[in-house]
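Engineer: Model the following, please.
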Amino acid sequence: MKIDVFGKIYISVMSLYFVISGFNALLDIDSKLARIGLSALDSDGKIAFILIYCSLMIGIGISIALLYYFSKTWIYSALLSSVIITSFISFRLVGSYMVSGLSNTQLSFILVELLEVAIGIILLYKSGKLNQKFT
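Structural biologist: Just a heads-up that it's a prediction; the model follows:
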C-alpha cells in the first residue's frame, strides 16, 4: 500500500514538473532561449520554440495526469515518465557526441534526470506490477 502512495506522489511531481516547466518557458521565451544558448530571429522562431518545447512539456505533463485519471493506476504514468526522461538522457548523450562535448549544464540535467528515472524504475519494480507483466 505504501508503494502506491509513493507512486502517486512521483507521478504528481512529474506531471507538475512538466507542466510548470512548459508554462515557465512560455511566460518568458527570450529568457529560456538565452539560458540554453538559443535565439529566435523573428516571431516565427518564437512560435516554433513554443511548439517544440512548451507544447511538448505541457503535453507530457497533462498526458501523465490523464493516464492516471483514466487508468486509475499510477503505473502507466510512471512508465511514461520514465521512458520520456530516459529518452531525454539518451538524446542529450547523442547530442553531446555529435557536437563533441558535454557541457556542465547538460551534465547537471543528466544527473537530475538519472535520479528521476531511478526513482520511477524503483517504484515500478517495487510495485510488483512489472514482474507480473513480464513473467
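Engineer: Endpoint to endpoint, stretch 64-81 covers what distance?
Structural biologist: Its first and final residues considered, stretch 64-81 spans 7 Å by C-alpha to C-alpha, to the nearest Å.
Engineer: For the residue nearest the centre of the chain, give its distance to residue 22.
Structural biologist: Residue closest to the average C-alpha location in the chain (C-alpha atoms, centre = their mean): residue 85, at 4.7 Å. Taking C-beta to C-beta, to the nearest Å as the measure, residue 85 falls 15 Å from residue 22. Backbone N, C-alpha and C define where each C-beta goes, glycine included.
Engineer: Also residue 125?
Structural biologist: When distance is defined by C-beta to C-beta, residue 125 is 29 Å away from residue 22.
Engineer: between those two, who's got more neighbours?
Structural biologist: Neighbours were tallied for residue 125 and for residue 22 using other C-beta atoms under 10 Å; the higher tally belongs to residue 22 (21 against 12).
Engineer: can you pull the pLDDT of the more buried one?
Structural biologist: For residue 22, the pLDDT comes out at 93.
Engineer: close enough to count as contact, it and residue 61?
Structural biologist: Yes: here residue 22 reaches residue 61: they are 6.7 Å apart, a contact under C-beta atoms under 8 Å.
Engineer: Not including adjacent chain positions, what is the nearest residue to residue 78?
Structural biologist: Using C-beta to C-beta, 6 or more residues apart in numbering and skipping residues adjacent in sequence, the residue nearest residue 78 is residue 120, 5.0 Å away.
Engineer: wait, doesn't that neighbour sit right on residue 80?
Structural biologist: No: here residue 120 lies out of contact with residue 80, judged by C-beta under 8 Å, at a distance of 9.3 Å.
Engineer: Quick check: phi and psi on residue 37?
Structural biologist: Here is the backbone geometry of residue 37 (degrees, to the nearest 10): phi 80, psi 30.
Engineer: Number of residues surrounding it?
Structural biologist: Neighbours of residue 37 (other C-beta under 10 Å): 8.
Engineer: and what of residue 74?
Structural biologist: 26.
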